[in-house]
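Student: Here is my input; please provide its structure:
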Amino acid sequence: MQNLSIYSIVAFIILSMLSTIKLYIGSGAIWLAQILLLFIALISFLYGVKGKLKIINQRLYGFFNHYFIFLFWLLFMLGIAIAALENDGKGAYTLIKYSFFIPILLILLIIPYISSGLLERALYIVLFLSLLPLISFIIFRYLDAMVILGDGRMGWLASWPGVIWKIGAFIWPVAAWRCMQKVSLSNLLLAFSSALIIALDGSRTAIVWMILVWLTLSIIAAYTNKQKIKNNQILVHCCLLLVVSISFAAIQPTLLGWVRGQYDDAIIQLVTPSTNIQDKLDIENEKINNIDNKLTPENTTAVRLVQGDTTTRLEMLSIGWQQAVDNFPFGGGFGSTKANEYGEKVVIHMTYLQILADEGVISLLGYLLFFIYPLYHGIRFVTEKKELFLERFEIMLTPLSILILFLFMGLFHPLSNELSEWGIVLVAISIILNYVPRHK
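Tutor: Coordinates of the predicted model:
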């Protein structure tokens, strides 16, 4: 029964990440599947142990020590409720979804098999399931299954560009740190896979994240007392630089050139600036006439990082700030602040400004405290004893980096109310809340 519980948790994490990168769309069926997996994990755990009530009390020790995090989440929901009352019920439906996160986190706190190692292994599986099909479709030019945006970003029908990068970003801290500890073929392959999927997607958020993580881990590696690690830093950074350079400067442009010109029809219609049929035909004819000149593509990830268009994002920030001022302090209701993107109304891509504009100050405070609380306890646990720093850092690296990345993504992406987006975050929080009080 223990194995069934472990497999169910792994399946829950994998399903959450596959939904996050849109291999499955976050729907009612996915919610049901994720909750069902958690109940299977919980029941199989309780069935296989004696003294069930005692075990539950012990496992809820993390809850009783950290009940504030639930209060912060309720504060976040309170802000949404107030905004709904102030705006004729707008966005009240999302309270139902967010309320499910409390019992889900409680279940994750009860099950003892959730650990950083288990979380890492689940992420490796997701990386394999994401990257292998994409590379296969590119190499064999199975273009019907691919999605290539006009700016050269690549993905496939089950995992579009704009989302597939997330699995690479989640794994990058672990991959880079492992290389800094030991330069081996397996560690370099992990770092290469993480960098490659980010390069193929071309997400600027992920690229900035890679750089920040690399710099931070370099400082931490230099701080450690292991002389062997310090002596190998030049080799480590040369190897990491090599795998990143190959991914961004060689493989991504080469693969893009291999499939260049084959775009998804729906995307072409969205990004084509003219609505005149003849103009569209002229654009298509020009594209066909210039196909030979596209063997060396211009829209590589490296170019996009520097020259990518930021007009829409800046407009979103302007609209969001104006709405935040106009609807201060309670907001205009969940999902009410929107901007035009390719002729469609979309929510603004900046979580914190979106919350301030839509749900108000109370929600923003609760949201930030919900993340700051576990981050504070996790970081304090790692740093409070110098002699245990390295050991504790390696244990906490995965859950802490997941929370930090989720906060970082909030600077450039909208708020989600889907369990598929939040599942991995709740797992990371449960690991911190369970591990810290039991190992202080």
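
Student: Do you have the strands of the stretch 1-150 of the chain handy? List them.
Tutor: Taking DSSP state E, counting those that start in this stretch as the test, the strands found in the stretch 1-150 of the chain are 146-148.

Student: Sorry, slip of the keys, the one I care about is the stretch 151-300 of the chain.
Tutor: 154-156.

Student: pLDDT weak spots in it?
Tutor: For the stretch 151-300 of the chain, residues meeting the criterion pLDDT under 70 lie at 225-231, 260-300.

Student: Please enumerate the helices of it.
Tutor: 165-181, 185-201, 204-223, 227-231, 233-245, 252-258, 265-271, 277-289 (DSSP state H, counting those that start in this stretch).

Student: now those helices as TSV including distance to residue 406?
Tutor: Using the backbone N, CA and C atoms, a C-beta is placed for each residue, glycine as well. Formatted as TSV, the helices of the stretch 151-300 of the chain follow (distance: least, Cβ to Cβ, whole Å):
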stretch	distance to residue 406
helix 165-181	9
helix 185-201	17
helix 204-223	11
helix 227-231	28
helix 233-245	23
helix 252-258	26
helix 265-271	27
helix 277-289	39
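
Student: can you put these in JSON lines and add mean neighbour count?
Tutor: Below are the helices of the stretch 151-300 of the chain laid out as JSON lines (neighbours: other Cβ atoms under 10 Å):
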{"stretch": "helix 165-181", "mean neighbour count": "24"}
{"stretch": "helix 185-201", "mean neighbour count": "22"}
{"stretch": "helix 204-223", "mean neighbour count": "17"}
{"stretch": "helix 227-231", "mean neighbour count": "11"}
{"stretch": "helix 233-245", "mean neighbour count": "16"}
{"stretch": "helix 252-258", "mean neighbour count": "19"}
{"stretch": "helix 265-271", "mean neighbour count": "12"}
{"stretch": "helix 277-289", "mean neighbour count": "11"}
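
Student: out of those, which comes closest to residue 388?
Tutor: helix 204-223 (13.8 Å; Cβ to Cβ).

Student: For residue 364, which of the helices of the stretch 151-300 of the chain is the nearest?
Tutor: Checking these against residue 364 by Cβ to Cβ gives helix 204-223 as the closest, at 20.7 Å.

Student: Run through who's touching the closest one.
Tutor: 165-166, 168-169, 172-173, 176-177, 180, 195, 198, 229-230, 233, 236-237, 240, 244, 301, 304-305, 308, 393, 401, 405, 408-409, 411-413 (Cβ atoms under 8 Å, 6 or more residues apart in numbering).

Student: run the last query once more with 7 Å
Tutor: 165, 168-169, 172-173, 176-177, 180, 198, 229-230, 233, 240, 305, 308, 393, 405, 408-409, 412 (Cβ atoms under 7 Å, 6 or more residues apart in numbering).

Student: How about stretch 154-161?
Tutor: With contact meaning Cβ under 7 Å, 6+ apart, stretch 154-161 is reached by 21-23, 130, 133-134, 137-138, 145-149, 153, 164, 200-202, 256.

Student: what is the rounded mean pLDDT of stretch 370-379?
Tutor: For stretch 370-379, mean pLDDT rounds to 95.

Student: and it, which residues are buried?
Tutor: 370, 371, 373, 374, 375, 377, 378 (16 or more other Cβ atoms under 10 Å).

Student: and stretch 179-186, how far apart are its ends?
Tutor: 9 Å (Cα to Cα, to the nearest Å).

Student: Can you say which helix or strand has the residue lying closest to residue 90 once chain neighbours are set aside in it?
Tutor: Nearest residue to residue 90 in three dimensions, chain neighbours excluded: residue 333, at 2.9 Å (Cβ to Cβ, 6 or more residues apart in numbering). Mapping residue 333 onto the secondary structure by DSSP states H and E places it in no helix or strand at all.

Student: Can you give me the neighbour number for residue 333?
Tutor: Residue 333: 24 surrounding residues under other Cβ atoms under 10 Å.

Student: and if you look at residue 101?
Tutor: So residue 101, with other Cβ under 10 Å, has 20 neighbours.

Student: Repeat that for the one 10 residues further on.
Tutor: When neighbours are defined as other Cβ under 10 Å, residue 111 has 21 of them.

Student: Surely it touches residue 2?
Tutor: No - between residue 111 and residue 2 there is no contact under Cβ atoms under 7 Å: 10.5 Å.

Student: Figure out which of the helices of the stretch 151-300 of the chain is closest to residue 35.
Tutor: Here helix 165-181 is closest among the helices of the stretch 151-300 of the chain (Cβ to Cβ), at 22.1 Å.

Student: and the closest one, how far from the chain's centre?
Tutor: Taking Cα atoms, centre = their mean, to the nearest Å, one finds helix 165-181 lying 13 Å from the centre of the chain it belongs to.

Student: Touching that helix from outside, list them.
Tutor: Residues contacting helix 165-181 (Cβ under 7 Å, 6+ apart): 17, 20-21, 120, 123, 126-127, 130, 187-188, 190-191, 194, 197-198, 201, 203, 206, 209-210, 213-214, 217, 221, 229, 236, 239-240, 397-398, 401-402, 405.

Student: What of stretch 128-140?
Tutor: Here stretch 128-140 has contacts from 18, 21, 145-146, 154-156, 159, 164, 167, 193, 196-197, 200, 255, 258-259, using Cβ under 7 Å, 6+ apart.

Student: And for stretch 319-332?
Tutor: 82-83, 86-87, 337, 339, 348, 350, 353-354, 356-361, 363.

Student: can you tell me which of the residues you listed are in helices?
Tutor: Of the contacts of stretch 319-332, the ones assigned to helices by DSSP state H are 82, 83, 86, 353, 354, 356, 357, 358, 360, 361, 363.

Student: Reformat those residues as CSV; add neighbour count and pLDDT.
Tutor: Output for those, formatted as CSV (neighbours: other Cβ atoms under 10 Å; pLDDT from 0 to 100):
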residue, neighbour count, pLDDT
82, 18, 95
83, 28, 94
86, 16, 91
353, 22, 95
354, 27, 94
356, 26, 95
357, 28, 94
358, 31, 93
360, 24, 94
361, 16, 96
363, 25, 96
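
Student: Give me the distance between the most centrally placed residue in the chain and residue 100.
Tutor: The residue lying closest to the centre of the chain (Cα atoms, centre = their mean) is residue 166, at 4.5 Å. Residue 166 sits 22 Å away from residue 100, taking Cβ to Cβ, to the nearest Å as the criterion.

Student: ok, now residue 347?
Tutor: From residue 347 to residue 100 the distance is 21 Å (Cβ to Cβ).
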